[in-house]
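In: Sequence unavailable; structure follows:
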Ligand SMILES: Cc1cc2nc3c(=O)[nH]c(=O)nc-3n(C[C@H](O)[C@H](O)[C@H](O)COP(=O)(O)O)c2cc1C
């Protein structure tokens, strides 16, 4: 019997795997603010099999996350966790209690990378008892992936049989749902849907498409091509392979699709899901800058926390769960992303007359002072000091 797939509502609003940024504290912060499942960062099979410290930290983070009260997610039995309009008005049902009172823990999925079926299965077995799913990285564009021939460098067609073997080996040998995170197939983006079909048939319970070509030189190679996500959804639907609310639970193994790319805020989440027809959306970098990005899914009952509150909460979670991967380097990155985002979204946060009155140069100046303080922080207390500095500047803006 194949293992039960992850519940579809859990695949709705997903925190992306991010090296050095998908630590437990950040994952819990995302869940507290509406994420319905979280991915760990990518671990190469060598790290799992040969680096005891890395494995122990990962296992501890999974074990703690399994039962942490912050990892509780109130799942709605309804198919949609996004606000729905009834007669042109946002309904109470759609906007408030979208999540039922039946609480469950948000699944934690471990992402692995490699190109050897045996090592992959061995690595998956090391985490199987604590993970809720195994994801195979088929999208890493970096040089080390190129040199080691894994990640996105398994996407060219001649490697598809190997990829199928990797997926089917995991699927046969591990008692967990298996997913695959892919990018557009090189040169011919329209072959992506054919690859997705083959992954589905090989045993991938979920395909996540980051709809860009991989590039070693640029992380973002233009906008994501969401049309290809739509095509993957349509192809799987046509083949009877798409998992939907209607066919869910009928005992037939099918594949869910998660769309990834082009989300900057909540309205993009809604538009993206509507356009692609995917079962869920995965968000990475924008969630680093605003971990409350999914907050509107929780309804209007509470307003989203401010950036200072989110940063402080993140540090609280780091201290509550030591030894789970949130060292000072990681924490600095998170606080910096939240307080000094590259997209400069805090300009919007302080919308209004005061912010309008300030020139952009002033805002850059303000950001750089906070940023310098964050970068030089030598302790969690220093980071708290940087948050206070940020707040002080916010107050000056409001006055
Ligand atoms: C700091 C950082 C680290 C990342 N690490 C991983 C990783 O370990 N595995 C992976 O599959 N993707 C990784 N990604 C890619 C993201 O998961 C995601 O696919 C990509 O950022 C596009 O989504 P976004 O536009 O929502 O950020 C990383 C992205 C960032 C920004």
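Out: Received the coordinates, thanks. As the structure is a prediction and not an experimental result, all values here were calculated from the model.
In: any idea how far residue 211 lies from residue 14?
Out: For residue 211, the distance to residue 14 equals 15 Å [C-beta to C-beta, to the nearest Å]. Yep, even glycine has a C-beta here, placed from its N, CA and C like the rest.
In: Between the two, which is the more surrounded one?
Out: A count of neighbours by other C-beta atoms under 10 Å puts residue 14 above the other of residue 211 and residue 14, at 29 against 24.
In: now residue 138, nearest residue through space, not along the chain?
Out: residue 182 (4.6 Å; C-beta to C-beta, 6 or more residues apart in numbering).
In: Same check on residue 201?
Out: Nearest residue to residue 201 in three dimensions, chain neighbours excluded: residue 241, at 7.3 Å (C-beta to C-beta, 6+ apart).
In: backbone phi and psi for that neighbour, please?
Out: phi -100, psi -10 (degrees, to the nearest 10).
In: which residues sit in contact with it?
Out: 197, 200-201, 254-255 (C-beta atoms under 8 Å, 6 or more residues apart in numbering).
In: Check residue 179 too.
Out: Counted by C-beta under 8 Å, 6+ apart, residue 179 has contacts 109, 133-136, 204-208.
In: if we go to 7 Å?
Out: 109, 133, 135, 204-208 (C-beta atoms under 7 Å, 6 or more residues apart in numbering).
In: what's the answer for residue 175, then?
Out: 3, 128.
In: could you redo the last one with a cut-off of 10 Å?
Out: By C-beta atoms under 10 Å, 6 or more residues apart in numbering, the contact set of residue 175 is 1-4, 124-125, 128-129.
In: In PyMOL, select just the buried ones from those residues.
Out: Entered in PyMOL, the line below selects the buried ones among the contacts of residue 175, by 16 or more other C-beta atoms under 10 Å:
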select buried, resi 124
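In: so the residue nearest to residue 138 sits in a strand?
Out: Yes. Residue 182: assigned to a strand according to DSSP: H, G, I helix; E, B strand; the rest coil.
In: Which strand residues bridge it?
Out: Beta-bridge partners for residue 182, by DSSP bridges, are residue 138, residue 209.
In: contacting residues around it?
Out: 136-139, 151-152, 154-155, 163, 192, 195-196, 199, 204, 207-211, 214, 232, 260.
In: Give me the subset of the residues you listed lying in helices.
Out: Of the contacts of residue 182, the ones assigned to helices by DSSP state H are 163, 192, 195-196, 199, 232.
In: Isn't residue 193 up against residue 233?
Out: Yes. Under the criterion of C-beta atoms under 10 Å, residue 193 makes contact with residue 233 at 8.7 Å.
In: Between the two, which contacts overlap?
Out: Contacts common to residue 193 and residue 233, judged by C-beta under 10 Å, 6+ apart, are 207, 209.
In: For the helix or strand residue 369 falls within, name the packing helices and strands.
Out: Secondary structure from DSSP states H and E places residue 369 in helix 360-375. Applying 3 or more C-beta pairs under 10 Å, 6 or more residues apart in numbering; DSSP states H and E, we find helix 360-375 packed against helix 328-339, helix 346-349, helix 380-398.
In: Need the winner for burial among the ones you listed.
Out: With neighbours taken as mean count of other C-beta atoms under 10 Å, the helices and strands packed on helix 360-375 reach their highest mean count in helix 328-339, at a mean of 21.
In: what's the angle between that helix and helix 360-375?
Out: Per axes from the mean of the first three to the mean of the last three C-alpha atoms, to 10 degrees, the angle that helix 328-339 makes with helix 360-375 is 160 degrees.
In: Helix 328-339 near the ligand at all?
Out: No. Using C-beta under 6 Å from any ligand atom, helix 328-339 never reaches the ligand; the gap is at least 8.1 Å.
In: Please apply the same query to stretch 1-16.
Out: Yes. For stretch 1-16 and the ligand, the contact criterion (C-beta under 6 Å from any ligand atom) is met by residue 16.
In: tell me the average confidence for that stretch?
Out: For stretch 1-16, mean pLDDT rounds to 93.
In: Which residues of the stretch 201-350 of the chain lie near the ligand?
Out: Checking the stretch 201-350 of the chain against the ligand by C-beta under 6 Å from any ligand atom, the hits are 210, 260-261, 263, 283-286.
In: out of those residues, who's nearest residue 391?
Out: residue 286 (22.7 Å; C-beta to C-beta).
In: Let me know whether the closest one touches residue 260 as I believe.
Out: No. Between residue 286 and residue 260 there is no contact under C-beta under 10 Å: 11.1 Å.
In: Right, I'll call it a day here.
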